[in-house]
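Enquirer: coordinates only, sequence not included:
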């Protein structure tokens, strides 16, 4: 990647959209500018999990304003991530292309644990150094991330399906706060935290809250005299009593409670109160950084040969006992074919994707050799893969599934011509490396015209390798399912 002097991150959260721009100075990022739009995607999710037209229009309007601020930045310098609401929305596939067109940059929907990892990175970079483990809790609009980490390394990461918007809509629909609905909300939140208590309780020395809910509660407690510093259990008890006494979020006369935070304060409070109860938290500090800062530092790492996706792939190779020599053979040959088919103009994203696919192409063998490509594809589509977006995982899954066998099932799944080229490159590499040894191959030459592959190979060598010849002939039949022609030519 070409290094950039300015980076930008956009967090398409369930409560608000946030844009953060930073200047790169050596090993440091200096925050330059930030924008926030209270879109509340989670509030626009129908009971059937569809984003309604009103919230979509609100999102598009916010993205138009962000697009103006990002207009002069190159694509490599901007990363946009979507969180829980875009993970669960059934019409996200319709919404995202429109949003990308308005914004001018691709949108990555990230998994819950990936969101947790990025949040911790953002928080850790804004805290003083410490050798103690830290607990970070981030209550978002639709999910709550809980992370235990040390230094800049997250050790345990969980994403719980509850947030300030979703809980406010579920338990405090009309804004009224009663003993009954507050208790119901707290019990529901405690039930979610209960699933992580055994792994989390007692494993940290300092608790830190990040993002809007934690900051809002801390400010309310301090400005109203309920707490001297940060969030405390005693302060939460006093705030709880005040919420019940007033009984209506619209009538809360609390210093530090902004109008845009008012509609979601009850749901956010219930989750925070439950966290203190279940995880035995006595006091919580608040962090300067959050998801968007984590995205910036993660993006910065990609420019400094510190891409966590490479680390993830290496760990998967070890975990699933991948034959590294075979992966290297397949990767080298696949890159050669891809360069030829792309006429030496392959982009960096496709290069990375091809290399990762070659390294991971056989992880499914650890499950079963029969149909291992299907097991590989399933693992890559569903595993937690730090650094990878859901879109990247889906593409890796498709490429590894397409390494062998019938191609007809991919007719509706291929999005770009580059996918076709990468699929062919991998299939040919697997085909020629089938004997899993460093044999000397003849000169191979490939060309791609958009609808036709030309593969030139020495005729004498092919005559002496009838198994390979038969496999190449089968390729010509398989690619017809994708309306592609394959021409095997004599060198």
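Expert: Happy to help now that I have it. Since we're looking at a predicted model, the values are computed, not measured.

Enquirer: Am I right that residue 79 is in a strand?
Expert: Yes - Residue 79 forms part of a strand when assessed by DSSP: H, G, I helix; E, B strand; the rest coil.

Enquirer: Do a quick rundown of the strands in the stretch 1-150 of the chain.
Expert: Counting by DSSP state E, counting those that start in this stretch, one finds strands in the stretch 1-150 of the chain at the ranges 6-12, 17-25, 28-37, 78-82, 107-109, 134-139, 144-150.

Enquirer: would you turn the ones you listed into JSON lines with distance to residue 283 and mean pLDDT?
Expert: Every C-beta, even on glycine, is put in place using the N, C-alpha and C of the backbone. Shown next, in JSON lines, are these (distance: least, C-beta to C-beta, whole Å; pLDDT from 0 to 100):
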{"stretch": "strand 6-12", "distance to residue 283": "27", "mean pLDDT": "95"}
{"stretch": "strand 17-25", "distance to residue 283": "27", "mean pLDDT": "92"}
{"stretch": "strand 28-37", "distance to residue 283": "27", "mean pLDDT": "89"}
{"stretch": "strand 78-82", "distance to residue 283": "30", "mean pLDDT": "95"}
{"stretch": "strand 107-109", "distance to residue 283": "35", "mean pLDDT": "94"}
{"stretch": "strand 134-139", "distance to residue 283": "11", "mean pLDDT": "96"}
{"stretch": "strand 144-150", "distance to residue 283": "17", "mean pLDDT": "96"}
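
Enquirer: Mind checking the ones you listed for the one nearest to residue 265?
Expert: Closest to residue 265 of the strands of the stretch 1-150 of the chain, according to C-beta to C-beta: strand 134-139, at 11.1 Å.

Enquirer: Looking at the strands of the stretch 1-150 of the chain, which one is packed in the most?
Expert: The highest mean neighbour count among the strands of the stretch 1-150 of the chain, using mean count of other C-beta atoms under 10 Å, belongs to strand 134-139: a mean of 27.

Enquirer: Touching it from outside, list them.
Expert: 116, 119-120, 123-124, 127, 144-150, 163-164, 200, 203-211, 213-214, 268, 271-272, 275, 279, 281, 284, 287, 290-291 (C-beta atoms under 8 Å, 6 or more residues apart in numbering).

Enquirer: average pLDDT across the helix or strand where residue 398 lies?
Expert: Using DSSP states H and E, residue 398 falls within helix 390-401. Mean pLDDT, helix 390-401: 93.

Enquirer: could we number from 20 for the rest of this?
Expert: Taking 20 as the first residue, the last one we looked at is helix 409-420.

Enquirer: Report the contact partners of residue 63.
Expert: 70-71, 73-75, 77.

Enquirer: what about the spatially closest residue to residue 421 that is not a sequence neighbour, neighbour count?
Expert: Using C-beta to C-beta, 6 or more residues apart in numbering and skipping the chain neighbours, the partner closest in space to residue 421 is residue 442 (4.5 Å). Neighbour count for residue 442, taken as other C-beta atoms under 10 Å: 23.

Enquirer: Could you list the low-confidence segments of the chain?
Expert: For the chain, applying pLDDT under 70 flags the ranges 20-21, 324.

Enquirer: Now the phi/psi pair for the spatially most central residue of it, please.
Expert: Note on the chain: the residue nearest the mean C-alpha position is residue 129, at 2.2 Å, using C-alpha atoms, centre = their mean. Main-chain dihedrals, residue 129, degrees, to the nearest 10: phi -100, psi 150.

Enquirer: ok, it - contacts?
Expert: 100-102, 137, 408-409.

Enquirer: try 7 Å this time
Expert: Shown here is residue 129, whose contacts under the criterion C-beta atoms under 7 Å, 6 or more residues apart in numbering are 100-102, 408-409.

Enquirer: And for residue 446?
Expert: Contacts of residue 446 (C-beta under 7 Å, 6+ apart): 421-423, 494.

Enquirer: now swap in residue 508 and tell me
Expert: Counting by C-beta under 7 Å, 6+ apart, residue 508 has contacts 473-475.

Enquirer: Specify the beta-bridge partners of it.
Expert: residue 475 (DSSP bridges).

Enquirer: if I look at it, how far off is residue 488?
Expert: The gap separating residue 508 from residue 488 is 13 Å, by C-beta to C-beta, to the nearest Å.

Enquirer: And the nearest residue to residue 71 once chain neighbours are set aside, how far from residue 235?
Expert: Excluding the flanking residues, the one nearest residue 71 by C-beta to C-beta, 6+ apart is residue 63, at 4.8 Å. From residue 63 over to residue 235 the distance is 21 Å, taken as C-beta to C-beta.
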